[in-house]
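[1] kindly generate the corresponding structure for this input.
(chains A, B, C and D)
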2 protein chains.
Amino acid sequence: MPSSLLSLLGDLVSVNQRLTRLAARATGSSESPAVWRTLSVLNSGGPMRLGELAELSRVAQPTATKLVSNLTERGWVNRLADPDDARASQIAVTTAGAAALIAWRDELAGAMLPLFADLDTDDVAVLRRAVEIIGQRADAAADLAPGAPVTAPPEGQS
Amino acid sequence: MPSSLLSLLGDLVSVNQRLTRLAARATGSSESPAVWRTLSVLNSGGPMRLGELAELSRVAQPTATKLVSNLTERGWVNRLADPDDARASQIAVTTAGAAALIAWRDELAGAMLPLFADLDTDDVAVLRRAVEIIGQRADAAADLAPGAPVTAPPEGQS
DNA sequence: CCACTATACATAGCCGGGCTATGTATATGA
DNA sequence: TCATATACATAGCCCGGCTATGTATAGTGG
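    This next block holds a predicted model:
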């Protein structure tokens, strides 16, 4: 039944997009997803260089530069000189940044909670497992295409 | 444990964002998510007026105007005069638009298929159920806040 | 029929996020 | 030392998102 798996994946992405937009509205947060994504990556990965951040965030390097600039102005990340390489600097989340991230996640989940409050134990388990499954695949995909953020139209696969 | 439900929702959104971005990369499609979202709404809802499209897409009206303009130029939607109301027009997906949407969904799912090909029957069932659950909630949310796309800070009573 | 308000959409204008192309400074290796 | 590679910054473009506002048509009271 691979064809049903195909349509399942299509549905998954589409319902995902709805949920993402819904969640964004739910908070009323004026911050863009990119802000939270960047903070997320930095928060879970620890201080890292800009290139690494770009790769993990799966955006092009100049985009990461812009985002880090914005976040630096807000005081949510800072740049520490890298003693080993004067070209680079370590990007790190500040305490304020981490706090903002936590606050946003709480707010987001809190806003969505009413919609999901009626889930029974089985459904909660289903969602938990789904998150796990998708997370694994996202990790795997990151490993498979580490150097190809978006830029690459490599082709060549038959 | 409602607190674990909270963190589950946070994780759900976060893994969602990863998946969405991953999926976008997977196709190599240069089209933006907004294009597919708009076509999706029109395709599943049938021809509708611009305001209705904006509401269902959960964007502000001028955003919908822009998107429809772009899509019209590409020949993926067209505007038909509304005989009952000269201010409005019915927006409809063209055959080409519907075909492009299907092609994209196939491409998307096809690109993601390798990542999910090793799922066993139980995991497929889990994902299917998760899609169903989230879809229900998204529908419910749409019903709850039908007139509030993003614009409304509840001021401005006359 | 006329004026007035309400509605549906278009236009203008701003901002942020995404990209490519290219510049600049530092590392690195022959 | 010099050439090349690497890490990031800058410039410049486009699109999607918004608010504010304009314009044309609907609807309605007189």
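[2] quick one: residues contacting the spatially most central residue of chain A.
    By CA atoms, centre = their mean, chain A has its centre lying nearest to A:Arg37, at 3.8 Å. Contact analysis of A:Arg37 by CB atoms under 8 Å, 6 or more residues apart in numbering or on different chains lists A:Ser57, B:Gln17. All C-beta spots, glycine's among them, are computed from the backbone N, C-alpha and C.
[3] how about the strands of chain A, start to end?
    A:48-49, A:77-81, A:89-93 (DSSP state E).
[4] of those, which is nearest chain B?
    Counting by CB to the nearest CB, chain B lies closest to strand A:89-93 out of those; the figure is 15.4 Å.
[5] burial measure for the residue in chain A positioned nearest to chain B, as a count.
    Across chain A, no residue is closer to chain B than A:Ala130, which sits at 3.7 Å (CB to the nearest CB). Burial of A:Ala130 is recorded as 23 neighbouring residues (other CB atoms under 10 Å in any protein chain shown).
[6] quick one on the thing from earlier: need the pLDDT of the residue nearest to the centre of chain A.
    With respect to pLDDT, A:Arg37 scores 92.
[7] now A:Leu108, nearest residue through space, not along the chain?
    A:Thr27 (5.2 Å; CB to CB, 6 or more residues apart in numbering or on different chains).
[8] pull the contacting residues for the one you found.
    Going by CB under 8 Å, 6+ apart, the list of residues near A:Thr27 reads A:Trp104, A:Glu107, A:Leu108, A:Ala111.
[9] among these, name the buried ones.
    For those, a neighbour count by 16 or more other CB atoms under 10 Å in any protein chain shown gives the buried set as A:Trp104, A:Leu108, A:Ala111.
[10] list just the nearest of those to A:Ser14.
    Proximity of the buried ones among the contacts of A:Thr27 to A:Ser14 (CB to CB) peaks at A:Leu108, which lies at 20.5 Å.
[11] among the contacts of A:Thr27, which are located in helices?
    A:Trp104, A:Glu107, A:Leu108, A:Ala111 (DSSP state H).
[12] from DNA strand C, how far out is the nearest residue to A:Ile133 once chain neighbours are set aside?
    Closest residue to A:Ile133 apart from its sequence neighbours, by CB to CB, 6+ apart: B:Asp123 at 5.7 Å. Separation of B:Asp123 from DNA strand C (CB to the nearest atom of the strand, to the nearest Å) stands at 29 Å.
[13] and the pLDDT at B:Asp123?
    93.
[14] list the buried residues in the top helix by length along chain A.
    Counting by DSSP H, the longest helix found in chain A is helix A:2-27. Judged by neighbour count (16+ other CB under 10 Å), helix A:2-27 contains these buried residues: A:5-6, A:8-27.
[15] of all the buried ones among the contacts of A:Thr27, which comes closest to DNA strand C?
    Set against DNA strand C, the nearest of these by CB to the nearest atom of the strand is A:Trp104 (13.2 Å).
[16] so that closest one touches A:Trp36, yeah?
    Yes. Using CB atoms under 8 Å, A:Trp104 is in contact with A:Trp36, at 5.9 Å.
[17] rewinding a little: with pLDDT as extra columns, can I get the ones in helices among the contacts of A:Thr27 in CSV?
    Shown next, in CSV, are the ones in helices among the contacts of A:Thr27 (pLDDT from 0 to 100):
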residue, pLDDT
A:Trp104, 89
A:Glu107, 85
A:Leu108, 83
A:Ala111, 82
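[18] thought A:Ser14 was touching B:Ser40?
    Yes. Using CB under 8 Å, A:Ser14 makes contact with B:Ser40 at a distance of 6.5 Å.
[19] what bits of chain A have low per-residue confidence?
    A:1-3, A:142-158 (pLDDT under 70).
[20] DNA strand D contacts on that one?
    By the rule CB under 7 Å from any atom of the strand, the part of chain A lying against DNA strand D is A:49-52, A:61-62, A:65-66, A:68-69, A:85, A:87-89.
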